[in-house]
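Chemist: okay, here's the prediction I keep looking at, along with the sequence it came from:
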Amino acid sequence: MTNNPSQPTGPRHPLLASLPDATPLAEMTSEKLDKMAVEIRDVLCNLLATRTAHFASNLGVVELCLALHAEFDFRRDRLIWDTGHQIYPHKLVTGRYSQFETIRTRGGLMGYPNPAESVYDLFMTGHAGSSVSTAVGLRSGDILTGQPDRRTVAVIGDGAFPSGIVFEALNNAGASKENLTVVLNDNKMSICHRTGAVASYLDRLRNNPFYTGLKNEVVRLLDHVPMFGDPAERLLAQMKEGVKAGLHGGMLFEELDIRYIGPIDGHNIALLRKYMKLCQEAEGPVLLHVVTEKGHGYKPAAEDPVFFHTPPAFEDRGGTPVTRGSEGRPPYTTHARDAIGEAMKRDDRVTVITAAMCQGNKLEPVREQFPERFFDVGICESHAVAFAAGQCKTGMRPIVDIYSTFLQRSYDQIFQEVVLQDLPVVFMMDRAGLTGPDGPTHHGVYDIGYMRLFPNLVLMAPGYAAELPMMLDACLEHDHPTGIRYPKASALEFEHTPAPIEMGKAEWIREGEDGTIVAYGAMLEQALDAAEQLEGELSVGVVNARFVKPIDHEMVAKSMADGRFVVTLEEGTTVGGFGSAFLESAADQRLDTRQIHRLALPDVFVEHGDRSDLLADASLSADGIASTCRNAASNVSV
């Protein structure tokens with residue numbers, strides 16, 4: 001496969017270019033669909049020459065996607081892609097090939113399912129584990145509205161499968177006995193290598209020499225054994241169950257009244273189509289176990305699916321990917337990783353817990369150095385937090401390192417198991433703020449609002465690189481729950497001696513006579529740039545807020561003294577965020593809140609795009625902040 005082939009006459013991908021939607025796939029032979037699979041992989045490789053994108057997971061589901069659309073009509077039938085980052089082949093065959101080059105760019109196609117784009121996308125899915133629940137609900141609703149002929153399919157990966165909500169849904173599906181197909185896409189991976197007992201169970205199923213075809217033949221033979229009377233029928237039923245138990249490694253799904261079919265080769269389109277038909281004919285819920293290879297069709301991605309999950313842009317040179325060199329300052333995530341490692345060196349009580357995001361959190365070196373104190377619990381955020389609470393109760397000092405957008409899945413456990421018990425768990429909220437091309441399912445913009453209302457919990461955010469390890473040390477010395485948020489961005493490094501971390505105390509970076517910019521977290525960089533831009537025009541102070549809870553009330557009063565205007569900055573929502581906390585403090589102190597101007601992300605779901613562009617849209621660029629300061633200065637009450 002190459003990204004630079006000689007240009008053919010006509011469309012480069014004639015089969016994909018000919019599709020108005022997925023309807024024609026039903027009439028295509030499996031051989032023709034195999035040719036389309038080659039085109040899809042070529043499109044995916046060429047995309048990675050221009051930008052970072054989800055790659056290995058999409059390569060792995062090409063044949064599965066084609067078989068699904070060939071055997072179902074998802075203009076009417078129901079299809080839910082769990083997690084959604086493997087949606088690219090689906091978009092290519094559902095009429096979006098001509099737009100595909102815009103994916104993950106501002107104003108272009110979303111990198112996840114998006115109902116606004118196509119009737120083939122039912123839910124905007126970006127979190128793992130919810131597909132089976134929504135599919136069960138869709139099936140129930142179709143029956144209640146008199147549309148029982150609509151068929152429902154949920155496709156879920158083995159990494160997402162251990163999520164607690166999946167088993168809640170399977171429990172419900174088995175009891176309902178309604179027709180439903182769950183396709184378990186088993187590639188032995190989540191983003192990193194999967195963990196846990198469910199993974200081992202699936203390994204046993206995959207490695208069993210007796211496949212479903214043999215099981216079906218034996219059961220069909222038993223169906224023709226002449227036996228009469230109730231005792232004989234009961235004996236026959238028991239024989240069937242015994243055969244099923246002997247022909248595959250376990251009865252988990254069958255005991256839930258969900259028919260288990262598989263495992264089958266997920267890259268054989270003809271075989272997949274055969275079993276899709278079988279699923280449609282079956283009565284009641286069916287789980288089709290499909291074995292795929294993450295990165296299939298591109299050898300480097302298949303050999304290293306972790307790196308190629310979302311690799312940097314690369315050019316393929318004769319089968320060798322050449323990535324673009326990264327430039328600039330290290331991201332906050334790297335500084336967080338290093339701080340965690342140093343804390344674990346100093347204190348044997350410190351552990352780190354992640355939810356299948358070892359690579360995303362850059363924790364591989366920590367895992368290698370401290371394997372006995374590193375815990376990857378899989379895509380089970382609720383369990384991660386409750387697990388941390390249990391560790392904490394024994395005297396350990398756990399760090400829960402989870403993306404902001406995923407931590408909210410454990411909200412009840414944060415409340416009940418951690419802050420209600422006043423346990424000193426440290427929450428490190430990676431990707432807090434805008435996540436650029438990942439879009440609204442992944443922007444971590446709600447943690448300030450959903451965390452700061454809890455008693456006992458101290459919340460902070462570093463404004464520059466040197467602060468992050470200082471803050472983690474302060475958290476580990478604090479005997480109450482704490483949280484640190486930081487964005488998917490390069491960390492600010494500048495000549496500055498950090499003030500010591502004092503709980504609930506802000507840091508003044510520069511004084512100003514006309515007004516003050518108060519920045520929470522990484523927005524400090526834009527605040528400093530705006531203040532510099534205003535030099536000679538306005539004298540503006542800059543405050544590194546550090547804490548949203550407890551907020552520094554003295555800082556609030558000082559920044560507003562003598563009638564100065566204040567502009568608050570945050571990479572979070574305008575509702576319930578840092579600016580709201582600042583307003584509350586000012587109001588409680590009977591200060592003139594008319595002087596306060598809040599800059600934050602608007603009360604809408606922010607679309608995907610470059611982080612700097614999205615910040616500029618919310619007036620959170622240096623130019624936007626400077627403009628707000630000018631307007632504020634002109635309206636200061638005299």
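Modeler: Thanks, I have the structure now.
Chemist: report the buried residues of the helix or strand hosting A531.
Modeler: Taking DSSP states H and E as the criterion, the element that holds A531 is helix 524-533. Residues of helix 524-533 classed as buried under the neighbour-count rule (16 or more other C-beta atoms under 10 Å) are L524, E525, Q526, A527, L528, A530, A531, Q533. C-betas here are computed from N, CA, C, even on glycine.
Chemist: next SSE downstream of it?
Modeler: Under the assignment DSSP H and E, the closest C-terminal helix or strand after helix 524-533 is strand 540-544.
Chemist: mind listing the helices in the stretch 1-150 of the chain by residue range?
Modeler: Taking DSSP state H, counting those that start in this stretch to define them, one finds helices in the stretch 1-150 of the chain at 14-17, 30-47, 56-60, 62-71, 88-93, 131-144.
Chemist: of the ones you listed, which shows the lowest average pLDDT?
Modeler: Among the helices of the stretch 1-150 of the chain, helix 56-60 has the lowest mean pLDDT, at a mean of 91.
Chemist: quick one: contacts of that one?
Modeler: Contact partners of helix 56-60, identified using C-beta atoms under 8 Å, 6 or more residues apart in numbering, comprise 41, 44, 85-89, 157, 185, 187, 266, 292-298, 301-302, 305, 308-309.
Chemist: what's Q416 in contact with, if anything?
Modeler: By C-beta under 8 Å, 6+ apart, Q416 has no neighbours at all.
Chemist: could you look up the SS state of it?
Modeler: Three-state assignment for Q416 (DSSP: H, G, I helix; E, B strand; the rest coil): helix.
Chemist: so what are the domain limits for the chain?
Modeler: Per automatic domain parsing, the domain ranges recorded for the chain read 14-207+252-303, 209-247, 332-485, 507-634.
Chemist: and of the ones you listed, who's closest to T497?
Modeler: T497 lies closest to domain 332-485 among the domains of the chain, at 8.8 Å (C-beta to C-beta).
Chemist: tell me the SS of D401?
Modeler: Bear in mind the rule, three-state DSSP; under it D401 is strand.
Chemist: let me fix that, I meant to ask about Y411.
Modeler: helix.
Chemist: work out for me the element the residue nearest to it when sequence neighbours are not counted sits within.
Modeler: Take Y411 and drop its neighbours on the chain: the residue closest to it by C-beta to C-beta, 6 or more residues apart in numbering is Y450, 6.5 Å away. Remark: Y450 resides in helix 447-451, with elements defined by DSSP H and E.
Chemist: can you list the neighbours in contact with the helix or strand following that helix?
Modeler: Sequence-wise, the next helix or strand downstream of helix 447-451 (DSSP H and E) is strand 458-460. Residues external to strand 458-460 that are found in contact with it (C-beta under 8 Å, 6+ apart): 448, 451-452, 471, 474-475, 478, 480-485, 503-504, 546-550.
Chemist: run the last query once more with 7 Å
Modeler: If you take C-beta atoms under 7 Å, 6 or more residues apart in numbering as the criterion, strand 458-460 is touched by 451-452, 471, 478, 480, 482-484, 503, 546-549.
Chemist: all strands of the stretch 51-200 of the chain, in order?
Modeler: Using DSSP state E, counting those that start in this stretch, the strands of the stretch 51-200 of the chain run over residues 78-81, 152-157, 180-186.
Chemist: would you turn those into CSV with distance to Y120 and mean neighbour count?
Modeler: Converted to CSV, the strands of the stretch 51-200 of the chain look like this (distance: least, C-beta to C-beta, whole Å; neighbours: other C-beta atoms under 10 Å):
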stretch, distance to Y120, mean neighbour count
strand 78-81, 7, 24
strand 152-157, 12, 26
strand 180-186, 16, 27
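Chemist: would you format those strands as TSV with mean pLDDT included?
Modeler: As requested, the strands of the stretch 51-200 of the chain are exported to TSV (pLDDT from 0 to 100):
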stretch	mean pLDDT
strand 78-81	96
strand 152-157	95
strand 180-186	94
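Chemist: okay, those strands in JSON lines with distance to L33 next?
Modeler: Listed next are the strands of the stretch 51-200 of the chain as JSON lines, based on distance: least, C-beta to C-beta, whole Å:
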{"stretch": "strand 78-81", "distance to L33": "17"}
{"stretch": "strand 152-157", "distance to L33": "17"}
{"stretch": "strand 180-186", "distance to L33": "17"}
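Chemist: among these, which comes closest to L615?
Modeler: L615 lies closest, by C-beta to C-beta, to one member of the strands of the stretch 51-200 of the chain: strand 78-81, at 29.9 Å.
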